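>>> sequence-free structure coming up:
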DNA sequence: GGTTGCGGACTGAACGTTCAGTCCGCTTCC
DNA sequence: GGAAGCGGACTGAACGTTCAGTCCGCAACC
């Protein structure tokens, strides 16, 4: 049988509350109320609040990766693959503000500080390899991987942040321009 | 007379604790201890903890702006001015990890959510005008200001984040490459 | 079919802890 | 002597977590 309804209700309520009020601004009492369960029930499904946060992160990341990296054609040119992936990533961030805010928060928090798996391993793996291959083929600049990653992710994340935190309206054209320009920054 | 020593000691201790442990992870008791004052003294200088955080933010921002925007020659070409400003900004973030972490945290927190002045007004003003002028002159792409800002700030912030949160070593060459590439992304 | 017994998911009042903020006595300075 | 600056024990509120008890579906038995 699949995950129980209660567990899913708790994770959904947690996503909303954490994204809107932060980890510390969302007490377990409120969380339980929003999920429609008793406070004690939280502790049937999760060891403690930290465990809940970590599980939620894993779920959200999984979901994001699914949407961003499915069916990326391996044969098409690198630039096309890059634009497909980055467009999907930006669109995911724009369409899922709760997930975006939550992930940003998690990334910065002490939770991810000590962990290895905080940099989405497979996610980065894919784009990571793509960037390395592009550098190998001298399509993009001969710079350290970290610089290339900053040039790729930076603009996308910055735009998503303005959209989610400052209500900046973002249309399809802006998405296209941003992804394309980030590619221009990478190439020579 | 200038700001009292106690006040400055409190702000310095707060900067360190907030950057390392977050707003919620830094209790007033610990803050007072680190500053070498009694708990009560905090409330002589600040209405409450929120007031302290807001004041600290203003101070940090002022300091950053001072360092980044002083003596930008008005006559030099736009590209040179851009590179000067962005290099200084990135270097400020790299050399002041506490300030960077604190500002990032503040930006995301509910403090800045409702405020207008969270986007450093004058800071953005300057770069903001520079980008508008560059677009006017068709030096950079004909895209909405928000897109141009994302292309300018994004890579710089992303690199600083990797440096400060993941201990990525960043040398002068990487700074140069990142700033230059961000310009490449802006231009056509 | 009706009654009884049982297991475990579930609840929420209660607990101990921790926090931001207060209060009052002590010190310092004029 | 009075005012201002200061310290830290203290307070009430809010938090995460616990646990004794409730509830309900199902199996066993008559």
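Received it, and whenever you're ready, just let me know what you need. Predicted model, so just to flag it, every value in this text is computed and none were measured. Numbers count the residues shown, from 1 in each chain, chains lettered A, B, ... in the order given.

>>> Please name the residues that touch residue A:134.
A:78, A:82, A:140, A:186 (Cβ atoms under 8 Å, 6 or more residues apart in numbering or on different chains). (Glycine included, C-beta is placed from N, CA and C.)

>>> next helix or strand past the strand or helix carrying it?
In the assignment (DSSP states H and E), residue A:134 maps to helix A:121-136. Once helix A:121-136 ends, the next helix or strand along the chain (criterion: DSSP H and E) is helix A:145-166.

>>> re the thing from before, tabulate the contacts of residue A:134 in CSV, adding columns for pLDDT.
Shown next, in CSV, are the contacts of residue A:134 (pLDDT from 0 to 100):
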residue, pLDDT
A:78, 95
A:82, 97
A:140, 97
A:186, 98
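
>>> Buried among those? Make that a PyMOL selection.
Buried subset of those, written as a PyMOL selection, criterion 16 or more other Cβ atoms under 10 Å in any protein chain shown:
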select buried, chain A and resi 82+140+186
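
>>> Tabulate the contacts of residue A:134 (TSV), appending secondary structure.
Shown next, in TSV, are the contacts of residue A:134 (DSSP: H, G, I helix; E, B strand; the rest coil):
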residue	secondary structure
A:78	helix
A:82	helix
A:140	strand
A:186	helix
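
>>> Among the contacts of residue A:134, which one lies nearest to chain B?
Of all the contacts of residue A:134, chain B sits closest to residue A:186, with 7.0 Å by Cβ to the nearest Cβ.

>>> I figured the closest one hits residue B:181, correct?
Yes - counting by Cβ atoms under 8 Å, residue A:186 touches residue B:181, with 7.0 Å between them.

>>> and for the two, which residues touch both?
By the contact definition Cβ under 8 Å, 6+ apart, residue A:186 and residue B:181 are jointly contacted by A:141, A:151.

>>> At which residues are the helices of chain A located?
For chain A, the helices defined by DSSP state H cover A:5-21, A:28-35, A:39-45, A:49-69, A:78-95, A:97-108, A:110-114, A:121-136, A:145-166, A:172-186.

>>> And the fourth one, what does it pack against?
Packed against helix A:49-69, as judged by 3 or more Cβ pairs under 8 Å, 6 or more residues apart in numbering or on different chains; DSSP states H and E, are the following elements: helix A:5-21, helix A:39-45, helix A:78-95, helix A:97-108, helix A:110-114, helix A:121-136.

>>> likewise the second one?
Using 3+ Cβ pairs under 8 Å, 6+ apart as the contact definition, the elements that helix A:28-35 packs against are helix A:5-21, helix A:39-45.

>>> do that helix and DNA strand D meet at all?
Yes - using Cβ under 7 Å from any atom of the strand, helix A:28-35 reaches DNA strand D at A:28-29.

>>> Tell me what angle that helix forms with helix A:5-21.
Angle, helix A:28-35 to helix A:5-21, by axes from the mean of the first three to the mean of the last three Cα atoms, to 10 degrees: 120 degrees.

>>> Return the per-residue confidence for residue A:124.
pLDDT, residue A:124: 67.

>>> Let me fix that, I meant to ask about residue A:41.
Here, the pLDDT recorded for residue A:41 equals 96.

>>> How about residues contacting stretch A:50-58?
A:10-11, A:14-15, A:18, A:23, A:42, A:45-46, A:102-103, A:106, A:111.

>>> buried residues in that stretch?
A:52-57.

>>> quick check, nearest of the residues you listed to DNA strand D?
residue A:52 (7.8 Å; Cβ to the nearest atom of the strand).

>>> who in chain A is up against DNA strand C?
Residues of chain A lying near DNA strand C by Cβ under 7 Å from any atom of the strand: A:4, A:6, A:36-41, A:43-44.

>>> Among these, name the buried ones.
A:6, A:37, A:41.
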